[in-house]
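K.L.:
next comes the sequence, and after it the predicted model I'd like to discuss.
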Amino acid sequence: AMTDVWPYETALADQGFEYHTIGGSAFYAQQEILDVVNLLSVVEDPHDETALAGCLRSPFFALSDEGLYWLSRGGLSRGLERAADVAGLSDRDREQARRARRLLAGWRALKDHEPMAELLSRMLDESGFTAAIVCEFLGARKLANVRKLVETAREFDRRGGFGLADFVGRLRAFADDPPREEQASTTEEDGQSIRIM
């Protein structure tokens, strides 16, 4: 069964091997997907403190742990709004917090006026998220997974009648009880990567 494939994936990743899991269901559990879901959650609900912490710490805004600590004293969303006055923040974290506040406000203003796939593509471009993840280990696969999620949003848009909250709800449900969904493939079938099947 493919239910216990993660120890193999972890061992291969630890040793620096490129791998692809055939028939797995880990797509919605990948960190890059969870990062995007956190961002979408925060755009939909500005008071989702847990998603905001994940979003701010992710490659979207890359705040440090210490920066999150200082911002969260008295509430993270409140701290983000008054980042200019929060004592203890480094100059870099203060600038990242200002940037996050500005970008999140802009995306919230668009969320009910743009299709989800367009909004998500805009978020990925304006934040620099894709450029950040492509430089990480297995970056090509992470980028392909994010592009696959944009396609999922496009399919959701085609169905019509659903909003961002519905899309976020579905993605959260998939993360909790994942459907059979492979990660995006970045290598040819006969390429040099290890296939786990």
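P.N.:
Received, thanks.
K.L.:
could I get the buried residue list for the least confident helix or strand in the chain by mean pLDDT?
P.N.:
The weakest-scoring helix or strand in the chain, judged by mean pLDDT, DSSP states H and E, is strand 19-21 (a mean of 71). Residues of strand 19-21 classed as buried by neighbour count (16 or more other C-beta atoms under 10 Å): 19-21. For every residue, glycine as well, the C-beta is placed using N, CA and C.
K.L.:
which strands and helices sit next to that strand?
P.N.:
When contacts are defined as 3 or more C-beta pairs under 8 Å, 6 or more residues apart in numbering; DSSP states H and E, strand 19-21 sits against helix 6-14, strand 194-196.
K.L.:
tell me the strands beside the last one, with direction?
P.N.:
By that I understand strand 194-196. Sheet pairing for strand 194-196, assigned by DSSP bridges, gives strand 19-21 (parallel).
K.L.:
which stretches of the chain form helices?
P.N.:
6-14, 31-44, 49-57, 65-72, 76-81, 91-110, 116-127, 129-134, 139-159, 164-176 (DSSP state H).
K.L.:
adding distance to R147, write the buried residues of strand 19-21 out as JSON lines.
P.N.:
Formatted as JSON lines, the buried residues of strand 19-21 follow (distance: C-beta to C-beta, whole Å):
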{"residue": "Y19", "distance to R147": "19"}
{"residue": "H20", "distance to R147": "16"}
{"residue": "T21", "distance to R147": "18"}
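K.L.:
of those residues, which is the nearest to S77?
P.N.:
T21 (36.8 Å; C-beta to C-beta).
K.L.:
stretch 58-73: end-to-end distance?
P.N.:
Start and end residues of stretch 58-73 are separated by 19 Å (C-alpha to C-alpha, to the nearest Å).
K.L.:
now it, how far from the centre of its chain.
P.N.:
The chain centre lies 16 Å from the centre of stretch 58-73; the measure is C-alpha atoms, centre = their mean, to the nearest Å.
K.L.:
mean confidence score for it?
P.N.:
Averaged across stretch 58-73, the pLDDT comes to 95.
K.L.:
any buried residues in that stretch, and which?
P.N.:
Buried residues in stretch 58-73 (16+ other C-beta under 10 Å): 58-63, 67-68, 70-72.
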